[in-house]
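1. no FASTA, just this:
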């Protein structure tokens, strides 16, 4: 028994090291001078830290603007994806359509996630060009909202299915409207699912690269992933600046995930009504 516990602990420690080692390496690169970055053997701990790369990224260069753009696009697109997707999921869960269309619509919505993103990049570029939305935050918000909608619908559909109908029927008998029952009765019960879905959508929108690369070319509309990739040129690679921007880009999502951690446990709606 003791040997098994030691074995499991060893594997957990190994997995933890494997997960945190790249993060630690990126953090140290952002604090090292260019001489220390390429030192042989590598300087894991014994180096003089410097904030030069952070100053270069967010004072000299436009990474501050990229960070603000990413925050606006990610938050707004996540909000609209949750708003539209939650209403759609509730409708597909609670209302039955003729010819079993509710199940067919659910499968069709899920099938849109099966297409490779690169397949839709050129059509989206042509559509946004015709709408004169290239190099705008609105184009990214529209695309990210549409990209996250299928996931929101399927996630929330599963959570809504766990909520007993008796709760809504009781609210309707008391004079509440269908929308009021959704807002005041159902949504508080599925708040863990809503939080988990919001975290996923925010991470996807924050880290998305392909559509941002295709639809934006100016500093005013460029997101942080595209801005970081732009530091790789044919002449040099700014490892320190890229690492500094990567560390800063990681912090908002990490803080948001930690803040939502207590809401990520499923099952609050299970057993809400006892027979």
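-> Here it is on my side, so go on. These numbers were taken from a predicted model, which means no experiment stands behind them.
2. list the contacts for residue 86?
-> Going by C-beta atoms under 8 Å, 6 or more residues apart in numbering, residue 86 touches 152, 156, 187, 194. C-betas here are computed from N, CA, C, even on glycine.
3. what's the pLDDT at the residue lying closest to residue 61 once chain neighbours are set aside?
-> Spatial nearest neighbour of residue 61, chain neighbours left out: residue 241 (7.1 Å); criterion: C-beta to C-beta, 6 or more residues apart in numbering. What the model reports as pLDDT for residue 241 is 87.
4. any low-confidence regions in the stretch 151-275 of the chain?
-> 263-275 (pLDDT under 70).
5. which helix or strand contains the spatially most central residue of the chain?
-> Nearest residue to the geometric centre of the chain (C-alpha atoms, centre = their mean): residue 203, 1.7 Å. Under the criterion of DSSP states H and E, residue 203 resides in helix 191-207.
6. I'd like the next helix or strand past that helix.
-> Helix 191-207 is succeeded, C-terminally, by helix 210-215 (DSSP H and E).
7. which parts of that next one are buried?
-> By neighbour count on 16 or more other C-beta atoms under 10 Å, the buried set for helix 210-215 is 211-215.
8. what's the answer for stretch 213-227, then?
-> Buried residues in stretch 213-227, counting neighbours by 16+ other C-beta under 10 Å, are found at 213-216, 221-227.
9. now stretch 243-260
-> 243-249, 252, 256, 260.
10. stretch 76-84 too?
-> Those would be 76-78, 80-82, 84, for stretch 76-84 by 16+ other C-beta under 10 Å.
11. same question for stretch 129-136.
-> Quick answer for stretch 129-136 (16+ other C-beta under 10 Å): 133-136.
12. for residue 237, phi and psi?
-> Here is the backbone geometry of residue 237 (degrees, to the nearest 10): phi -120, psi 120.
13. find the nearest non-adjacent residue to it, please.
-> Using C-beta to C-beta, 6+ apart, the nearest residue to residue 237 is residue 231, at 6.9 Å.
14. still on that earlier bit, nearest to residue 39, out of the buried residues of stretch 213-227: which one, please.
-> residue 227 (27.5 Å; C-beta to C-beta).
15. hang on, the earlier thing: now distance to residue 104 too, for the buried residues of stretch 243-260, in TSV please.
-> Shown next, in TSV, are these (distance: C-beta to C-beta, whole Å):
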residue	distance to residue 104
243	48
244	49
245	45
246	43
247	46
248	45
249	40
252	39
256	35
260	33
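16. now, among those, which is nearest to residue 59?
-> The nearest one, if we look at those relative to residue 59 and count by C-beta to C-beta, is residue 244, at 11.0 Å.
17. from residue 180, how far off is that closest one?
-> Going from residue 244 to residue 180 by C-beta to C-beta, to the nearest Å gives 49 Å.
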